[in-house]
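> The sequence and its predicted three-dimensional model are supplied below.
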Amino acid sequence: MNSVKKGRGGRGWYLLFVIVFAMVLWPPFYNKIEPTLAGIPFFYWYQMLCVLVSAVITAIIYLRTRES
């Protein structure tokens, strides 16, 4: 008999992708210059923050849903 092992998580983990989607969904929210961070306008450092957050969320989802 073949037993199929399921991942440690369910499909609910994929709902975390909604956070990433919501962060970049509405450009007028982050289309501004102030506040600056080390001289970098908000528009640019917010996009870099979104890249980092989405990488972390993707890693969490991968680790929680991968097959053992």
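Okay, I see it.
> number of nearby residues for Ala59?
Residues contacting Ala59 under the criterion other Cβ atoms under 10 Å number 10. The way it works is simple: take the backbone N, C-alpha and C, and place the C-beta from them, glycine included.
> and Glu34, how many neighbours does it have?
By other Cβ under 10 Å, 6 other residues sit near Glu34.
> can I assume it sits in a strand?
No: looking at Glu34 with DSSP: H, G, I helix; E, B strand; the rest coil, it is coil, so not inside a strand.
> Now do the phi/psi pair for Asn31.
phi -90, psi 70 (degrees, to the nearest 10).
> How many residues are close by Ser54?
Residues near Ser54, counting by other Cβ under 10 Å: 17.
> swap in Tyr30?
Counted with other Cβ under 10 Å, the neighbours of Tyr30 add up to 16.
> Same question for Ala38.
Applying other Cβ under 10 Å, I find that Ala38 has 5 neighbouring residues.
> can you check Val56 too?
For Val56, using other Cβ under 10 Å, the count is 12.
> buried ones in whichever strand or helix holds it?
Assignment of secondary structure by DSSP states H and E places Val56 within helix 42-65. For helix 42-65, burial by neighbour count (16 or more other Cβ atoms under 10 Å) applies to Phe42, Trp45, Tyr46, Ser54, Ile57, Ile61, Thr65.
> No further questions, thank you.
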